[in-house]
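Peer 1: Got a sequence here, can you build the structure:
(one chain, ligands or ions: 1)
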Amino acid sequence: MSLQIALGHNDQKVVEDFLSRQPAATSAIVLDAKAAAKQRHAAEAAAEEGIKVLWEPATQLLAAAGYGLERFPLWGGAPYDVDVLATSLEARHVLVERTIAAHPDGTTDVTAPHFYAVSDRAAHLNVDLAEATALQSDRPVRAILTAPQRYLRSRAAALGEEYHQAGIRHLELRMSPFGGEDESLKKIVDGFQIAQDLTEAGLHVTLGYSGNLGQVAVALGHAAAYSVGVGMMEHVNHMTQVNRKSKPPKPLEDGESGGGPQAGVYLPALAYTAPLRVARRLMEQSDLRVRIGCRVGSCGTSVLGPVLDVRGHYLHSRDLEVATLMAKPAGWRPTAELQRLRQALTLRNQINSNYLEVGQPAIKTRTLDSLIVDIERVQAAS
Ligand SMILES: [Zn+2]
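Peer 2: The predicted structure is shown next:
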């Protein structure tokens, strides 16, 4: 069980520094689709620690027209057509060759090209592309499966077997939409079953872009790992990503720094990644600060550590949390997660009733509530 870190386009230095301090539970980093060239030093630091270096080909974003797509190394001048790829061995061969060649220096594994699996045709195309990549590459190959949960519900076991027969052993599962603070019990139970089906097919499953959901899935044995961005990407929504690319990027207002989403502040005691302004407001209250603060690494030298070094704190606190879980025997991990989430829920409720300013939205608790019920059910059943 382990944690995988996906780099954003500007995370290379903070990740390099984190890796050079010997993380305890991080097994892989994923270089940014468009910025891998400048992330070489982070890749070298990972290799030195025996941590895998992966890359995101992002072909799933290149099957529809959009803005800025020419900056992706695998953009071929026009959107990929799943129907053409599914019917043309030659087109698939070209795509696989380009994908292997586009992998940046220093990657230890090759990630197969992949598309949003919204139909059997697209799902089988993904398996075929993964198998072809494995046959043509001299490095280990991982597959990524991005698909709507409703599509995967009845097909995960069969798809898992297909990937396994194709020689694939590592798979990142990105159910869409999935994750965040507002998930229902039913959706979580179904999502965990999908991960379990793939795991039982003999795959090392990484629950892609998931925070608490990923950590609980790992604690319960549904997945072997989970991945997050650096202070972001704790949920998956493929259609939102595609829709965003279909509109021209907004011109920057005066004084705006731009550069995409801002990293959130992970507050382990709340099991919550807060927007920076919310975290800052909470940390300013002395009776809260001692409960939600952090004394690890660079945070130990400042009372406001987590909000000063947001991304460095995110990396060491997530890594430490997974390491703490890993250190426990497998049979104790569900109880440990249950305790962690119950304490977080209590504290979130206290904050929602006592510490919010007028107009400030409450911290959502639906996902936490659902996860707690799910773990309680699993424990009752055993
Ligand atoms: Zn910290």
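Peer 1: got a list of what Ser302 touches?
Peer 2: Counting by CB atoms under 8 Å, 6 or more residues apart in numbering, Ser302 makes contact with Leu308. Yep, even glycine has a C-beta here, placed from its N, CA and C like the rest.
Peer 1: Around the ion, pick out the residues from the chain.
Peer 2: Residues of the chain lying close to the ion by CB under 5 Å from the ion are 294, 296, 299, 313.
Peer 1: Need the max-distance pair from those residues.
Peer 2: Farthest-apart pair in these is Val296 and His313; separation 7.7 Å (CB to CB).
Peer 1: now the residue nearest to Lys38 when sequence neighbours are not counted: how far from the ion?
Peer 2: Once flanking residues are discounted, Lys38 sits nearest to Gln12: 6.1 Å by CB to CB, 6 or more residues apart in numbering. Distance of Gln12 to the ion, computed by CB to the ion, to the nearest Å: 20 Å.
Peer 1: neighbours around whichever residue of the stretch 51-200 of the chain sits closest to the ion, how many?
Peer 2: Using CB to the ion, Ile51 is the residue of the stretch 51-200 of the chain that sits closest to the ion, at 20.1 Å. The local packing count at Ile51 equals 21, with neighbours defined by other CB atoms under 10 Å.
Peer 1: doesn't Ala28 make contact with it?
Peer 2: Yes. Counting by CB atoms under 8 Å, Ile51 does reach Ala28; the two are 6.2 Å apart.
Peer 1: Contact partners for the residue of the stretch 1-150 of the chain found nearest the ion?
Peer 2: Closest contact between the stretch 1-150 of the chain and the ion, by CB to the ion, is at Phe18 (11.1 Å). With contact set as CB under 8 Å, 6+ apart, Phe18 has these partners: 26, 312, 315-316, 319.
Peer 1: Just the pLDDT for it.
Peer 2: At Phe18, the model reports a pLDDT of 97.
Peer 1: How is the protein divided into domains?
Peer 2: 2-246, 265-381 (automatic domain parsing).
Peer 1: most packed of those?
Peer 2: Burial of these is given as mean neighbour count (mean count of other CB atoms under 10 Å); domain 2-246 ranks first at a mean of 20.
Peer 1: What's the separation between the residue nearest to Asn352 when sequence neighbours are not counted and the ion?
Peer 2: Nearest residue to Asn352 in three dimensions, chain neighbours excluded: Ala362, at 4.2 Å (CB to CB, 6+ apart). Spatial separation of Ala362 from the ion under the definition CB to the ion is 25 Å.
Peer 1: Can you classify Ala362 as helix, strand or coil?
Peer 2: Assigned by DSSP: H, G, I helix; E, B strand; the rest coil, the conformation of Ala362 is coil.
Peer 1: Looking at it now. What's its pLDDT?
Peer 2: Per-residue confidence for Ala362 comes out at a pLDDT of 96.
Peer 1: How about the one 5 residues further on?
Peer 2: Reported pLDDT at Thr367 in the predicted model: 98.
Peer 1: so it touches Phe178, yeah?
Peer 2: No. Distance between Thr367 and Phe178: 10.5 Å, which falls outside the contact criterion (CB under 8 Å).
Peer 1: show me where pLDDT drops low in this structure?
Peer 2: Applying pLDDT under 70 to the chain picks out residues 252-259.
Peer 1: run the last query once more with 90
Peer 2: Screening the chain residue by residue with the criterion pLDDT under 90, one finds the ranges 1, 36, 249-261, 286-287, 289-291, 295, 297-298, 300-305, 356-360, 382.
Peer 1: Show me where it has its strands.
Peer 2: Counting by DSSP state E, the chain forms strands over residues 2-6, 26-31, 52-55, 110-111, 141-148, 170-176, 178-179, 204-207, 225-228, 235-236, 265-267, 272-274, given from the N-terminal end onward.
Peer 1: how distant is the fifth one from the center of its chain?
Peer 2: Just to be clear, that refers to strand 141-148. Using CA atoms, centre = their mean, to the nearest Å, the distance from the centre of strand 141-148 to the centre of the chain it belongs to is 12 Å.
Peer 1: and if you look at stretch 39-59?
Peer 2: 15 Å.
Peer 1: could you dump the strands of the chain to TSV with distance to Gly76?
Peer 2: Conversion of the strands of the chain to TSV gives the following (distance: least, CB to CB, whole Å):
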stretch	distance to Gly76
strand 2-6	24
strand 26-31	21
strand 52-55	17
strand 110-111	17
strand 141-148	19
strand 170-176	23
strand 178-179	29
strand 204-207	27
strand 225-228	27
strand 235-236	25
strand 265-267	38
strand 272-274	36
